[in-house]
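# Mind folding the following:
(one chain, ligands or ions: 1)
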Amino acid sequence: MALMNRVLVKVLPIFPRSFIYLFAQRYIAGETLDDAIRVSHQLNGQGMWVTMDVLGENITRLEEARAAKDACLRVLDAIDKNNVQGNISIKLTQMGLKIDKEACIDHVHEIVERARSYSNFVRIDMEDSSCTDDTIEICLRMREVYDRVGTVIQAYLKRSVDDVKELASKGVNLRICKGIYDEPPEIAYKDRNEIRENFMRLVNIMMDHRVYVAIATHDKVLIDQSYQEISRRQLKKEAYEFQMLLGVAERLRGKIVSDGHHLRVYVPFGQHWYPYSIRRMKENPQLAGYIVQNLFKRMFRRF
Ligand code: FDA
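Alright, predicted model coming up:
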């Protein structure tokens, strides 16, 4: 069945978008900023913070990057205006990194300045390994302007221990995650346990340096190990937070909050929901099986 589901995931793109949307809904707040605000208020009401993400990738023109930057500015305005407990996550390729690096830096700078005007925080997501150096460099440059800017480090990358040591020594707030892109074995661990071990190594380096760390995972093993470190070090809850993606591991998410930890939910929204949702479904092949079952049920209902 697991193999069957993995095969189904590969053929998901042949299904109509409107049908995929029915299942994508659990991973995205909706298509508009109002949707994101509504979902964020619901999560805030359950004691969770949010980080909002305007969906959109593979841009090819600078005008698209400019539009994405403007959308991020509107998010920061809306967070302030609607009293949302939350911040923003941005992607550098969406800001034009692969088209014109200097223009990308200008866009990020504008977002960081707007965040500063609201005393808010900007997280620069980490994309595939062709972006790692630029992401770290731009994060550090932005911190010269305003120090409430952080980035993300992926536990599957072999270089990450060195990166975290360097960034932690500079006090950079980091989100630690496993990593979602398909990287070659020369630069990335492929074994699940090796990735878990490296994840905890990175979390520990952050805690050793007493730098704020965002522990972004739905993996119960890693959450339990993080709990142990927090308790062994008697860390105050202001020193770290857990993070999860919208629509994933909701029961565990509620438990983390009721255990007294801070938890932030990643809230993606926007018209470009399709590639993001397909990526999430690929992480959860069971869902693909569910989609196909439902497709057949719907088809047979017609006869
Ligand atoms: P793992 O994949 O082993 O999942 C653990 C368990 O969680 C699974 O067994 C399943 O029960 C559940 N689960 C996981 N994914 C699911 C899904 N889609 N649907 C249903 N259940 C699911 N990556 C990156 O490269 N750059 C980045 O900037 C970010 N940013 C980011 C922010 C936040 C807040 C989170 C939580 C994650 C990211 N990621 C990311 C993604 C991350 O790298 C990783 O791919 C996912 O978090 C899945 O890894 P887990 O640690 O959850 O473990």
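
# List the residues that contact the residue in the stretch 1-150 of the chain that the ligand sits nearest to.
With C-beta to the nearest ligand atom as the measure, residue 125 is the residue of the stretch 1-150 of the chain nearest to the ligand, at 3.5 Å. For the C-beta atoms, the positions are set from N, CA and C on the backbone; glycine is no exception. Remark: with contacts taken as C-beta atoms under 8 Å, 6 or more residues apart in numbering, residue 125 is in contact with 53, 89, 90, 91, 151, 152.

# Is the last one in contact with residue 124, as I believe?
Same thing as residue 152. Yes. Counting by C-beta atoms under 8 Å, residue 152 touches residue 124, with 7.1 Å between them.

# More neighbours: which of the two?
It is residue 124, of residue 152 and residue 124, that has more neighbours when counted by other C-beta atoms under 10 Å, with 26 against 20.

# Where do the strands of this structure begin and end?
Here the chain has its strands, by DSSP state E, at 49-54, 86-90, 122-124, 149-154, 174-177, 213-216, 240-245, 263-269.

# Name the residues of the stretch 51-200 of the chain found near the ligand, please.
Residues of the stretch 51-200 of the chain lying close to the ligand (C-beta under 6 Å from any ligand atom) are 125, 126, 152, 154, 175, 177, 178, 179, 180, 181.

# so where's the stretch 1-150 of the chain uncertain?
Within the stretch 1-150 of the chain, the stretches with pLDDT under 70 are 1-2, 4-5, 8, 57.

# change it to 80
Along the stretch 1-150 of the chain, segments meeting pLDDT under 80 span 1-15, 19, 22-23, 57-58.

# Then the stretch 151-300 of the chain?
For the stretch 151-300 of the chain, the stretches flagged by pLDDT under 80 are 279-300.

# circling back to that earlier point, overlap of the contact sets of residue 152 and residue 124?
Jointly contacting residue 152 and residue 124 under the rule C-beta under 8 Å, 6+ apart are residue 135.

# got the domain boundaries for the chain?
1-28+272-303, 33-269 (automatic domain parsing).

# Of those, which stretch is the most buried?
Of those, the one with the most neighbours on average (mean count of other C-beta atoms under 10 Å) is domain 33-269, at a mean of 18.

# before we move on, the earlier item: from the residues of the stretch 51-200 of the chain next to the ligand, pick the one nearest residue 19.
Top of the list for closeness to residue 19, among those and by C-beta to C-beta, is residue 180 at 23.9 Å.

# Just confirm that closest one contacts residue 280, I think it does.
No. Residue 180 lies out of contact with residue 280 (C-beta under 8 Å); the separation is 9.3 Å.

# about what we covered before: name the nearest of the residues of the stretch 51-200 of the chain next to the ligand relative to residue 3.
Closest approach between those and residue 3, by C-beta to C-beta: residue 180, at 21.6 Å.

# What separation is there between the closest one and residue 125?
10 Å (C-beta to C-beta, to the nearest Å).
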